[in-house]
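K.L.:
One predicted model, sequence on top.
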Amino acid sequence: MNLYAESSAVAAWLLDEPTADAVRGLLGRGEVIFASDLTLVECERALIRAAATGALPEADAAERRARLVSASAHWNLLRLDEETVERARRPFPYEPIRTLDALHLASALVVRSAVDDLSLLSLDERVRSNGERLGFDIVPG
């Protein structure tokens, strides 16, 4: 299975949210994993925020940051290119949608134009709803 890993799912894995095991399993079984630079930025910010608010000890945040760096070293990371930005500027099936979510969906669409059998790994309901309408297999199910 080829996966586009959106930030909500990766952050849930890093922060040990209730869906962490399902996300970890999907990331482990993915043949090829794609993610936007946004995923790394958003996940780093989530770890910084958790440490700054005391929700996560700094040592734990550092360990989880290292886990993200290790995992993402095996992912295909996408830059925000002109094609992605142009697609994100157009409407999606379910509006309104936040800017970063539009950029994630646009990134997934760009990947799907080149890669068969791409599933969208997301826990965000707006991203999932739009992804489904755009023809993606949404995981976790």
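P.N.:
Arrived safely, thanks for sending.
K.L.:
Run a quick neighbour tally on residue 4.
P.N.:
Neighbourhood size, residue 4 [other Cβ atoms under 10 Å]: 32. Placement of C-beta: from N, CA and C, glycine included.
K.L.:
same question, residue 96
P.N.:
9.
K.L.:
What are the phi and psi values at it?
P.N.:
Per-residue torsions, residue 96: phi -80, psi 150 (degrees, to the nearest 10).
K.L.:
Same question for residue 78.
P.N.:
Dihedral angles (degrees, to the nearest 10) for residue 78: phi -100, psi 140.
K.L.:
counting contacts, what elements does whatever helix or strand residue 85 lives in pack onto?
P.N.:
Following DSSP states H and E, one finds residue 85 within helix 82-88. Applying 3 or more Cβ pairs under 8 Å, 6 or more residues apart in numbering; DSSP states H and E, one finds that helix 82-88 makes contact with helix 99-112.
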